[in-house]
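> below is the structure, and that's it, no one-letter string:
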């Protein structure tokens, strides 16, 4: 298990990203640091995420209403 800056053992949850020929595993903190370096990419990801979450909610409502 990795050891954090305070010397305590820490379990990390990883974000798995599949790329063409490999998979990358990053912590949320590492992902945040990368996105902060490219504000346009960060904004695009936020917009995309909002659209995906709205679509999921709409689909859930449709299933609930039986449409």
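Nice, thanks for sending it over. Quantities reported herein were computed from a predicted structural model and do not represent experimental measurements.
> mind listing the strands for the chain?
14-19, 22-27 (DSSP state E).
> and the lengthiest helix in the chain, which residues are buried?
Longest helix in the chain by number of residues (criterion: DSSP state H): helix 39-65. If you call a residue buried by 16 or more other CB atoms under 10 Å, then helix 39-65 has no buried ones at all. Where you see a C-beta, it was placed from the backbone N, CA and C, and this is true even at glycine.
> quick one: distance of that helix to the chain centre.
Averaging C-alpha positions (CA atoms, centre = their mean, to the nearest Å) puts helix 39-65 13 Å from its chain's average.
> from residue 60, how far out is the residue nearest the centre of the chain?
In the chain, the residue lying closest to the centroid (CA atoms, centre = their mean) is residue 15, at 6.4 Å. Separation of residue 15 from residue 60 (CB to CB, to the nearest Å): 24 Å.
> show me the domain layout of the chain.
1-36, 38-67 (automatic domain parsing).
> can you put these in JSON lines and add mean pLDDT?
Converted to JSON lines, the domains of the chain look like this (pLDDT from 0 to 100):
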{"stretch": "domain 1-36", "mean pLDDT": "84"}
{"stretch": "domain 38-67", "mean pLDDT": "93"}
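> how much space separates residue 46 from residue 39?
Counting by CB to CB, the gap from residue 46 to residue 39 is 10 Å.
> with residue 60 instead?
Counting by CB to CB, the gap from residue 60 to residue 39 is 32 Å.
> next: residue 50.
Taken as CB to CB, the span from residue 50 to residue 39 is 17 Å.
> equivalent analysis for residue 64, please.
For residue 64, the distance to residue 39 - CB to CB - is 37 Å.
> now do residue 14
Taking CB to CB, one finds residue 14 at 24 Å from residue 39.
> quick revisit: turn the strands of the chain into TSV, including distance to residue 56.
Formatted as TSV, the strands of the chain follow (distance: least, CB to CB, whole Å):
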stretch	distance to residue 56
strand 14-19	19
strand 22-27	24
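> deepest of those strands, which one?
With neighbours defined as mean count of other CB atoms under 10 Å, these peak in mean count at strand 22-27, which reaches a mean of 11.
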